[in-house]
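1. quick one, fold the following:
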Amino acid sequence: MKIKLVKYDYDSFDDNWKKNNPNPFEGAVFACFGEVEGMDGHSYCQNIETGIPAILHTENLIELTEEEL
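-> Residues are numbered from 1 along each chain as shown. Model (predicted):
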């Protein structure tokens, strides 16, 4: 298993939707451990600062760039 450092891709959401839905993961970096078995399209992640786990839609995650590491 390859663990990746990722962030929540809030910027990809529609601007109208974002007006009523603030980013719940602003500034958070997650260790993504991979897709959850039996839950296609969902990944198990853990906030690297707080240790709090989260199951997030895989399509809403983007890997950190070299500059962000």
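
2. and the residue sitting furthest away from the middle of the chain, how close does it get to residue 22?
-> For the chain, the largest distance from the centre (C-alpha atoms, centre = their mean) belongs to residue 16, which lies 20.8 Å off. For residue 16, the distance to residue 22 equals 14 Å [C-beta to C-beta, to the nearest Å]. In short, each C-beta sits where N, CA and C put it, glycine included.

3. for residue 60, which phi and psi angles does the backbone take?
-> phi -100, psi 10 (degrees, to the nearest 10).

4. same question, residue 20
-> phi -100, psi 0.

5. same question for residue 58.
-> phi -60, psi -40.

6. show me the beta-bridge partners of the closest residue to it other than its chain neighbours.
-> Excluding the flanking residues, the one nearest residue 58 by C-beta to C-beta, 6 or more residues apart in numbering is residue 43, at 4.6 Å. Bridge pairing for residue 43 (DSSP bridges) gives the partners residue 35, residue 56.

7. count of neighbours near residue 43?
-> 21 (other C-beta atoms under 10 Å).

8. shouldn't residue 11 be within a strand?
-> No: secondary structure of residue 11 (DSSP: H, G, I helix; E, B strand; the rest coil): helix, not part of a strand.

9. tell me which residue lies nearest the centroid of this protein.
-> For the chain, the residue nearest the mean C-alpha position is residue 8 (3.6 Å; C-alpha atoms, centre = their mean).

10. okay, and the beta partners of it?
-> Beta bridges link residue 8 to residue 61 when assigned by DSSP bridges.
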